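K.L.:
Coordinates for the following, if possible.
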Amino acid sequence: MSPSFKSFAVSVAASVVCGFATLSQAATPITVTSQSATDGPIKYTVKITSKQFGNAQETRQIRSGESDDYTWKTVPPGGPVPTTDECPNNSSLALDANGAAIRQMQVRLAPVVASDGTATIQLSFQGQTPHGTKTVTANGKSIKCPNDVSLSQIVRFSMPTNGTAKTLTLSDGTQVVVTARR
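P.N.:
The predicted structure follows:
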C-alpha cells in the first residue's frame, strides 16, 4: 500500500469516528412510556341490552372533554305502530320511513380523562318505544295513537381506560356496558 493511500484511509477512518462521536453527543435520548397522552382519542364501546328498547352496540373514538351521541332505531316486537299527525305526541315519536312509530335509543357519552387515565363519564340515556295503541281525544274526535313508553336517565361514573368494562343498570332494568380503551 502506498504511503499516501494509508494516510488517506487513516484520515477517512478518523473522520467517521469523530462524526459518530458528534452524533451520539447531539442525539436526544428516547423515552418509551406505556401510556398515551390523556387528551388523545380513546375508543369507547357502548353496548345496550334492554327488554323495552332493544339491543345495540357501537364503538367510536372521542377525546377527553368532548361528547358523542349514539342513536339506534329498531323495529319493535309486533312491528311499527301506525300514527297520524293528529296524535298529540306525534312530533316527539321516532318514526320509520312510512311515518309509523318505532323504537329509539339515544345515548350521549361525555368523558373527562384524568392524568392517571381514569375517565369520569356522564352518560345520558333516552329510550322510547310504542306498546300497541291507546285511544285519545283530539279536536273533538277519538283516534288511535301509539302508546309510547319512555325512559330518560343520566348516570355519572368513573372507570379506567385500559379496556375494563363498566356495567350500569338503569331504573327499568336496561343494562349499559361501557368499555374504554386507549
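
K.L.:
got the buried residues for stretch 46-63?
P.N.:
Within stretch 46-63, the residues that count as buried by 16 or more other Cβ atoms under 10 Å are Val46, Lys47, Ile48, Ser50, Gln52, Phe53, Gly54, Ala56, Ile62. No exception for glycine: its C-beta is placed from N, CA and C like everyone else's.

K.L.:
what does stretch 161-173 give?
P.N.:
Using 16+ other Cβ under 10 Å as the test for burial, stretch 161-173 gives Thr161, Lys166, Leu168, Leu170.

K.L.:
could you point out which element follows the lowest-mean-pLDDT helix or strand in the chain?
P.N.:
None of the helices or strands of the chain scores lower by mean pLDDT, DSSP states H and E than helix 3-26, at a mean of 48. Later in the chain than helix 3-26, the nearest helix or strand by DSSP states H and E is strand 42-50.

K.L.:
Can you tell me the strand partners of that following strand and which way each runs?
P.N.:
Strand 42-50 has the following strand partners under DSSP bridges: strand 54-62 (antiparallel), strand 175-181 (antiparallel).

K.L.:
what angle sits between whichever strand or helix holds Leu168 and strand 42-50?
P.N.:
Taking DSSP H and E as the definition, Leu168 sits inside strand 162-169. Computed by axes from the mean of the first three to the mean of the last three Cα atoms, to 10 degrees, the angle separating strand 162-169 from strand 42-50 equals 30 degrees.

K.L.:
No further queries at this time; thank you.
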